[in-house]
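Engineer: Got a predicted model here, sequence first, then my questions.
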Number of protein chains: 2
Amino acid sequence: MNAPVDRMVGALLLPHPYVLFLGDTTVSGYAKTAFGLRDWAPDKCVGELRLAGATVTTGLDQLSAAEAYARGARALLIGVANPGGVIPANWRASLIEALEAGLDLVAGLHMRLADIPELAETASRLGRRLIDVRVPPSKIPVGSGRKRIGKRLLTVGTDCALGKKYTALALARAFKDRGVDVDFRATGQTGIMISGGGMPMDAVVSDFEAGAAELLSPDADPEHWDVIEGQGAITHPSYAAVSLGLLHGSQPDVFVVCHEPGRTEMLGTAGYKLTSVGEIIELTTLLGRRTNPAIRCAGLSFNTSALEDAEAAELMARESRRLCLPVADPIRGGPAFDALVASCLA
Amino acid sequence: MNAPVDRMVGALLLPHPYVLFLGDTTVSGYAKTAFGLRDWAPDKCVGELRLAGATVTTGLDQLSAAEAYARGARALLIGVANPGGVIPANWRASLIEALEAGLDLVAGLHMRLADIPELAETASRLGRRLIDVRVPPSKIPVGSGRKRIGKRLLTVGTDCALGKKYTALALARAFKDRGVDVDFRATGQTGIMISGGGMPMDAVVSDFEAGAAELLSPDADPEHWDVIEGQGAITHPSYAAVSLGLLHGSQPDVFVVCHEPGRTEMLGTAGYKLTSVGEIIELTTLLGRRTNPAIRCAGLSFNTSALEDAEAAELMARESRRLCLPVADPIRGGPAFDALVASCLA
């Protein structure tokens, strides 16, 4: 069973607020989805629900399904992803209890909620929804290339998993703080859960990839900004198709290159050297120009979590001089990030 | 009902001979499936079936479903693909009539025959088959980027529907005629219908696009050639995701650029100028180098069907001098085509 589709946005729209389900997880790295929700959508989270044995916590109130419902929750959101993306048998009683308490279920795992017969039966009997956010809407048109009204920013990367979602969320928040009319547009499961909608770009059939991106950021007010979460990398041997379809369909006016200094190889493809930021700027401009001739790089977002403060500041200042572009770490913020935001809006 | 799918290359067993269905099509570019079958599998085609309003023809005998059956046809093959790959409501009466006349239906569109209740019901009642050839294998891995043994050629294009399949078929045949160990690798519905196997690249989920191309041309003898049918264009605003995933996953040693002189706009996207052959050579080399640093352009394949003989010869000779590459029309053949084949094998 798929989520209802908004005809305007063509994206998943999720029931909320959520109670964040952590299962019996003991590895904090598996709970990135829950942490992302807590940090970026606190108003959509009424608390967390854990099983016996769990050691990971978001720090939010620990609730039962019934308590969560009483506090206004309308969905239980599975906030953990164990390796393989399965839903273990020992979670199922709690998920059924949540359905019985009046909550829909929201997940973004490989294993589909609706493929678990006990959940499917219970949901059907009670009129609850089982929403897998990795399932794209069923009617995505082929991309038209038509120029849409409004402004668009896309985060791109030198690789996967180095801060494209975080950067887009931080830029959208900064735009909003400056009084700009802005929407964050999610393209991956965590982003979709945070924003309550979006398009799971890597699950879309490739012929419709650009069309899906077009649907994600529809016509808007001329001064409105869509800040779009990037996916993969245009030079990633596995995922470049996703990145190029998203680039063409997003037709961004502005892009920001996300990079993790110190990373030397592409994730998951042995022997492939990381592309340089310069190459990514060049290729993104060259290819993005096809659907938006005015495309420009507004700067770089560095993930410097592995570096000391002084080292990070020195590196970013040096790269900024070399590339003649603002370079900032959105987690560190400060004047460098303000300069990046200003460059985006310039 | 789907056709049985071979684990490796999605080989299909199709009922034939066919009557080629053209619907009410007036755009010859949309009928490339019918033309491909007529030209590359003439022994499998007994005639064509058109609706009122159609202006496109294969030149084969125009038959009713009953006449086609009487001539030995065992399937009606939908030989047209409109944008989006839908089966319009005004085709359905004819398709039902074909089922009633004793024909199975074979299609390769995005919209599945079996998803149209009237067709599903009629087929089920009469014991006819509805075969959709655009069903990718169910377990496609993510691309690894690993270099595979054997040689690979990919046809690429300045647009859709201008001869990438024809060129690949003609090159594979020419390679074979010269004693080269070669396989044609089909990536679209027509190629799959002609060759009986392949990978429907535009129906693959985008995260697996490069992986699907890797599966299509597996490790082979070092002297073996896979001649791979290209899809879309790297600069097409709708379909570039397909083209880039196919390019990365094919890791071609050699590519041939397919082009139709005189075409000025991209198919299906109003206002988009056709990319020049020079740009396509440059972009394909730049992007293809990622998975095969030795990639090179072996020449150009021109679709000169709209030109007089002398005009075509003069144009191809001029372009060949300008680009310092062989330029040939595989349909015209001759020494120019021999030179293109020699350049591919050089």
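Structural biologist: Right, received. Where do you want to start? All values derive from a computational prediction rather than experimental measurement. Numbers count the residues shown, from 1 in each chain, chains lettered A, B, ... in the order given.
Engineer: hang on, A:P261 in a strand?
Structural biologist: No. Secondary structure of A:P261, determined by DSSP: H, G, I helix; E, B strand; the rest coil: coil, with no strand assignment.
Engineer: Can you give me the distance of it to A:A161?
Structural biologist: For A:P261, the distance to A:A161 equals 15 Å [C-beta to C-beta, to the nearest Å]. C-beta: built from backbone N, CA, C; applies to glycine.
Engineer: element containing A:R152, please.
Structural biologist: strand A:151-157 (DSSP states H and E).
Engineer: quick one: the closest residue in space to A:L77 that isn't next to it in sequence from A:R71, how far?
Structural biologist: In this structure, A:L77 finds its nearest non-sequential neighbour in A:Y18, 4.0 Å apart by C-beta to C-beta, 6 or more residues apart in numbering or on different chains. According to C-beta to C-beta, A:Y18 stands 11 Å off from A:R71.
Engineer: More neighbours: which of these two?
Structural biologist: Between A:Y18 and A:R71, counting by other C-beta atoms under 10 Å in any protein chain shown, A:Y18 is the more crowded of the two (29 against 13).
Engineer: Could you pull up the residues touching the more buried one?
Structural biologist: For A:Y18, the contact set (C-beta atoms under 8 Å, 6 or more residues apart in numbering or on different chains) comprises A:37, A:44-46, A:73-77, A:106, A:193.
Engineer: Please convert those to a markdown table, extending it with pLDDT and neighbour count.
Structural biologist: Compiled in a markdown table, these are given as follows (pLDDT from 0 to 100; neighbours: other C-beta atoms under 10 Å in any protein chain shown):
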| residue | pLDDT | neighbour count |
| --- | --- | --- |
| A:L37 | 96 | 25 |
| A:K44 | 95 | 21 |
| A:C45 | 97 | 24 |
| A:V46 | 98 | 21 |
| A:A73 | 98 | 29 |
| A:R74 | 97 | 19 |
| A:A75 | 97 | 26 |
| A:L76 | 98 | 26 |
| A:L77 | 97 | 30 |
| A:V106 | 96 | 28 |
| A:M193 | 94 | 32 |
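Engineer: What about those, which are in helices?
Structural biologist: Judged by DSSP state H, the contacts of A:Y18 include A:37, A:193 as members of helices.
Engineer: how about the contacts of A:Y18 in JSON lines, adding distance to B:G249?
Structural biologist: Formatted as JSON lines, the contacts of A:Y18 follow (distance: C-beta to C-beta, whole Å):
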{"residue": "A:L37", "distance to B:G249": "35"}
{"residue": "A:K44", "distance to B:G249": "39"}
{"residue": "A:C45", "distance to B:G249": "40"}
{"residue": "A:V46", "distance to B:G249": "45"}
{"residue": "A:A73", "distance to B:G249": "43"}
{"residue": "A:R74", "distance to B:G249": "42"}
{"residue": "A:A75", "distance to B:G249": "38"}
{"residue": "A:L76", "distance to B:G249": "39"}
{"residue": "A:L77", "distance to B:G249": "35"}
{"residue": "A:V106", "distance to B:G249": "33"}
{"residue": "A:M193", "distance to B:G249": "31"}
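Engineer: ok, so of the contacts of A:Y18, who is nearest B:L95?
Structural biologist: Nearest to B:L95 among the contacts of A:Y18 is A:V106, at 40.0 Å by C-beta to C-beta.
Engineer: Pick out whichever of A:P261 and A:A161 has more residues nearby.
Structural biologist: The residue with more neighbours, out of A:P261 and A:A161, is A:P261; 19 against 13, by other C-beta under 10 Å.
Engineer: Could I get the phi/psi values of that one?
Structural biologist: phi -60, psi 140 (degrees, to the nearest 10).
Engineer: dump the residue contacts of it.
Structural biologist: Shown in contact with A:P261 (C-beta under 8 Å, 6+ apart): A:302-304, A:306-307, A:315.
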